[in-house]
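A.B. asks: When you get a sec, could you give me coordinates for this:
(chains A, B, C and D)
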There are 4 protein chains.
Amino acid sequence: MTDFADIDPDVLGLDVSEWVNSDPIDAASLRGQVVMVETFQMLCPGCIEHGLPTARRVHNALSNQGVRVLGLHTVFEHHKVQDADALRVFVAEYRFPFPIGIDRPVPGRAIPSTMDRYQLQGTPSTLVADRAGRIRSISFGQVDEIKLAALLGRVLAEPAPEG
Amino acid sequence: MTDFADIDPDVLGLDVSEWVNSDPIDAASLRGQVVMVETFQMLCPGCIEHGLPTARRVHNALSNQGVRVLGLHTVFEHHKVQDADALRVFVAEYRFPFPIGIDRPVPGRAIPSTMDRYQLQGTPSTLVADRAGRIRSISFGQVDEIKLAALLGRVLAEPAPEG
Amino acid sequence: MTDFADIDPDVLGLDVSEWVNSDPIDAASLRGQVVMVETFQMLCPGCIEHGLPTARRVHNALSNQGVRVLGLHTVFEHHKVQDADALRVFVAEYRFPFPIGIDRPVPGRAIPSTMDRYQLQGTPSTLVADRAGRIRSISFGQVDEIKLAALLGRVLAEPAPEG
Amino acid sequence: MTDFADIDPDVLGLDVSEWVNSDPIDAASLRGQVVMVETFQMLCPGCIEHGLPTARRVHNALSNQGVRVLGLHTVFEHHKVQDADALRVFVAEYRFPFPIGIDRPVPGRAIPSTMDRYQLQGTPSTLVADRAGRIRSISFGQVDEIKLAALLGRVLAEPAPEG
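C.D. replies: Numbers count the residues shown, from 1 in each chain, chains lettered A, B, ... in the order given. Just a heads-up that it's a prediction; the model follows:
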């Protein structure tokens, strides 16, 4: 997304170096949608067991109600073995039904760009943004799916901003 | 609840002959709340495996956000072995954290009063009513918890009716 | 089974007043078989959630290898609402694929005959007997299915007694 | 293991290029033990979801009864991103409690040595060998844990070979 550095930290902005299994997702295309971003690392057990399955279930249940689910590979450790080539195999094997992007690496730093911007504590972390792009929730670790879905329902009920 | 027969079928009204594990729930006390009613039979396998665990999880996740979960024992078969004495043991053994009422039997009919009013197809059935008491969803069988919770979230986002 | 009172407590002997979903199981018919007895009460949550599903999985996996799974309704509390009529409905609803018997009530006592003989601590309890009828294991509560199945495999490997 | 090429294909022999999280396992040290080998690839969803959790549960339940559980990384696809460095991270993240070896790559071939020897169909595959080292079972895909554990119990009941 362009002009990422200027984006308000309370507003959703994903600094993605590559979309692995979809065409590039344009920031403008997310306007007016409720967005859930599941951040993960492909070799993080909690992501495999909890975070990504939850993202899949939310996608399956709510994508036709206006929730846009995105995955974001926020590699902050073991960079060499969790590179783009490895991620492509991982994504192909698991057949995720939602777009997965790579959080842009920052030269000289372990933590990638988007992870740093939202000060994520680790993986998995789950972000929810409303139709205006405002971050409404960031949670770290296993989430209660019912609480997450209720939040998504609340945000879905809000009108899209004019413009 | 009083005047049950006059209640609009699109409005929540529970015809309860006895509340098993709580003081009587007054219709007026539900005004302004989002209400989820889990109807079940104590010897229905799908209720034990899916319906009642979902109700428990919704209660645990959303009761402090304003969702009121109620159980309703809608016995339409095997009446003798699913009577009030049996239900009391069942409820005590399972330690449900939400109130459970008995759908009022109708003399000469298998189907009890509330079940008949809402034309429920069987058990488990799950009803959601908004703050104005309007029925917003009735589903039969195993529900998708994420869809259910998203609906509850949507309805929670609506203002309470004036009055 | 006849002459129950004379049976060695280390030997399997079930004092069954009625078989609910099968012809009577004769003691002699169990000779030479490995037998697993799942004792339960129909309103015991741990039995519904753990004990009976384990028994069903063992039956499905090992009945054709020579493991005979039996259920035994050992009612020691709430007798009135867990009587034979209630059990028959329960068994019909859950469609158990193995025979279920009723542990014989003892007049004036809460604990039924077989439960008393083996000094079971509660429900669910799981008994394993070898081909000679000797009790090899009695466990109370949720069992580790892998340990249980390994024991059954060990006992299956033993020759049937002569005679 | 030495002299792998000469080993009878009905006898357990693992051609391991490196043990990732343990000292090398010597073939002689397995004599007299029941051995279960879980073959997997670190990016194989069925291995993560079924095969490796089953291996962990068997290890936890039966290692003190004489079952030796080993993992074997049989990479036959995506070799570059499932190399030894990647496996080491994977094994460290998942904290497997049993030794994990790398099936020796064969120059110019996709399928590694041990996988080829036993003509494994894919991953996960589960091998069981008895105390004499004879292969008793090879299964591909999700296994029934109760059947697997019963087989292990049967084999545990057999005496160790003399010698």
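
A.B. asks: now the worst-scoring helix or strand of chain A on mean pLDDT, how far from the chain's geometric center?
C.D. replies: Lowest by mean pLDDT, DSSP states H and E among the helices and strands of chain A is helix A:27-30, with a mean of 86. Computed by Cα atoms, centre = their mean, to the nearest Å, the chain-centroid distance of helix A:27-30 equals 14 Å.

A.B. asks: name the helices or strands packed onto that helix?
C.D. replies: With contacts taken as 3 or more Cβ pairs under 8 Å, 6 or more residues apart in numbering or on different chains; DSSP states H and E, helix A:27-30 sits against no other helix or strand. Using the backbone N, CA and C atoms, a C-beta is placed for each residue, glycine as well.

A.B. asks: how about it: buried residues?
C.D. replies: For helix A:27-30, a neighbour-count test (16 or more other Cβ atoms under 10 Å in any protein chain shown) marks A:A27, A:L30 as buried.

A.B. asks: Leaving out chain neighbours, which residue sits closest to A:Q33?
C.D. replies: A:R68 (4.6 Å; Cβ to Cβ, 6 or more residues apart in numbering or on different chains).

A.B. asks: pLDDT score assigned to the closest residue to A:D116 other than its chain neighbours?
C.D. replies: Distances taken as Cβ to Cβ, 6+ apart place A:V106 nearest to A:D116, at 6.9 Å, with adjacent residues excluded. With respect to pLDDT, A:V106 has a value of 97.

A.B. asks: what's the burial count for A:V106?
C.D. replies: A count of nearby residues for A:V106, using other Cβ atoms under 10 Å in any protein chain shown, gives 13.

A.B. asks: pLDDT score assigned to whatever residue of chain A ends up closest to chain B?
C.D. replies: Nearest to chain B in chain A, going by Cβ to the nearest Cβ, is A:G153, at a distance of 2.4 Å. The model reports A:G153 with a pLDDT of 98.

A.B. asks: So it sits against B:E158, correct?
C.D. replies: No - assessed by Cβ atoms under 8 Å, A:G153 is found out of contact with B:E158, at 10.7 Å.

A.B. asks: thinking again about what came up before, is the residue nearest to A:Q33 within a helix or a strand, and which one?
C.D. replies: strand A:67-73 (DSSP states H and E).

A.B. asks: which stretches of chain A form helices?
C.D. replies: A:27-30, A:45-46, A:52-62, A:84-94, A:113-117, A:145-156 (DSSP state H).

A.B. asks: beta partners for the residue most central in space within chain A?
C.D. replies: In chain A, the residue lying closest to the centroid (Cα atoms, centre = their mean) is A:V37, at 2.4 Å. Applying DSSP bridges to A:V37 gives these bridge partners: A:L70, A:L127.

A.B. asks: Distance check, it against A:V128.
C.D. replies: 8 Å (Cβ to Cβ, to the nearest Å).

A.B. asks: Check A:G51 too.
C.D. replies: Taking Cβ to Cβ, one finds A:G51 at 14 Å from A:V128.

A.B. asks: ok, A:F140 - how many residues close by?
C.D. replies: A:F140, neighbours per other Cβ under 10 Å, totals 15.

A.B. asks: Just to check, it is in contact with A:Q119?
C.D. replies: No - A:F140 is beyond contact range of A:Q119, at 10.4 Å (criterion: Cβ under 8 Å).

A.B. asks: for chain A, which spans come out with low pLDDT?
C.D. replies: A:1-9, A:163 (pLDDT under 70).

A.B. asks: Contact distance from chain D - what residues of it qualify?
C.D. replies: A:43-45, A:48, A:78, A:80-83, A:85-86, A:89-90, A:93-94 (Cβ under 8 Å from any Cβ of the partner chain).

A.B. asks: Can you select the buried ones among the residues you listed for me in PyMOL?
C.D. replies: Buried residues within those, by 16+ other Cβ under 10 Å, are selected in PyMOL with:
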select buried, chain A and resi 43+44+48+78+81+82+83+86+89+90+93+94
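
A.B. asks: quick one: which of the residues of chain A next to chain D is nearest chain C?
C.D. replies: Closest to chain C, out of all of those and judged by Cβ to the nearest Cβ, is A:P45, at 21.3 Å.

A.B. asks: What residues does the closest one make contact with?
C.D. replies: D:E93, D:Y94 (Cβ atoms under 8 Å, 6 or more residues apart in numbering or on different chains).

A.B. asks: Same check on the one 4 residues further on?
C.D. replies: When the contact criterion is Cβ under 8 Å, 6+ apart, A:E49 has no partners at all.

A.B. asks: doesn't A:H73 make contact with A:T123?
C.D. replies: No - under the criterion of Cβ under 8 Å, A:T123 makes no contact with A:H73, lying 9.1 Å away.

A.B. asks: Quick check on the two: which one has the bigger neighbour count.
C.D. replies: A direct count of neighbours by other Cβ under 10 Å for A:T123 and A:H73 places A:H73 higher, at 27 against 24.

A.B. asks: what separates the more buried one from A:S17, distance-wise?
C.D. replies: Applying Cβ to Cβ to A:H73 and A:S17 gives a distance of 10 Å.

A.B. asks: And A:S137, by the same measure?
C.D. replies: In terms of Cβ to Cβ, A:S137 sits 25 Å off from A:S17.

A.B. asks: Could you check which of these two has the larger neighbour count?
C.D. replies: Between A:S137 and A:S17, counted using other Cβ under 10 Å, A:S137 has the larger neighbour count: 16 against 13.

A.B. asks: ok, now which ones touch that one?
C.D. replies: A:T126, A:L127, A:V128, A:L151.

A.B. asks: Contacts only, for the second one.
C.D. replies: Contact criterion Cβ under 8 Å, 6+ apart gives A:L12, A:V35, A:M36, A:V37, A:T39, A:Y118, A:I135, A:S137, A:I138 as the residues in contact with A:L127.

A.B. asks: Can you tell me how far it is from A:D10?
C.D. replies: From A:L127 to A:D10 the distance is 11 Å (Cβ to Cβ).

A.B. asks: shared neighbours of those two, anything?
C.D. replies: Going by Cβ under 8 Å, 6+ apart, residues that sit against A:L127 and also against A:D10 are A:I135.

A.B. asks: May I have stretch A:21-34 as PDB, with CA atoms only?
C.D. replies: Output of stretch A:21-34 as PDB, limited to C-alpha atoms (Å, rounded to 0.1, in the frame of the first residue of the first chain):
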ATOM      1  CA  ASN A  21      -1.800 -16.600  -3.500                       C
ATOM      2  CA  SER A  22      -3.800 -13.700  -5.000                       C
ATOM      3  CA  ASP A  23      -3.500 -10.600  -7.000                       C
ATOM      4  CA  PRO A  24      -2.200  -7.600  -5.000                       C
ATOM      5  CA  ILE A  25      -4.800  -6.300  -2.600                       C
ATOM      6  CA  ASP A  26      -5.200  -2.700  -3.000                       C
ATOM      7  CA  ALA A  27      -5.900  -0.500   0.000                       C
ATOM      8  CA  ALA A  28      -8.700   1.200  -1.700                       C
ATOM      9  CA  SER A  29     -10.400  -2.100  -2.400                       C
ATOM     10  CA  LEU A  30     -10.800  -2.600   1.300                       C
ATOM     11  CA  ARG A  31     -12.600   0.600   1.900                       C
ATOM     12  CA  GLY A  32     -16.100   0.000   3.200                       C
ATOM     13  CA  GLN A  33     -15.400  -3.600   4.200                       C
ATOM     14  CA  VAL A  34     -14.800  -5.100   7.600                       C
END
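
A.B. asks: Buried residues of that stretch, list them for me.
C.D. replies: In stretch A:21-34, counting by 16+ other Cβ under 10 Å, buried: A:N21, A:I25, A:A27, A:L30, A:G32, A:Q33, A:V34.

A.B. asks: Please list the residues outside it that contact it.
C.D. replies: Counting by Cβ under 8 Å, 6+ apart, residues outside stretch A:21-34 touching it are A:1-2, A:12-14, A:16, A:19, A:66-68, A:70, A:91-92, A:96, A:99-101, A:128-131, A:133, A:152, A:155-156, A:160-161, A:163.
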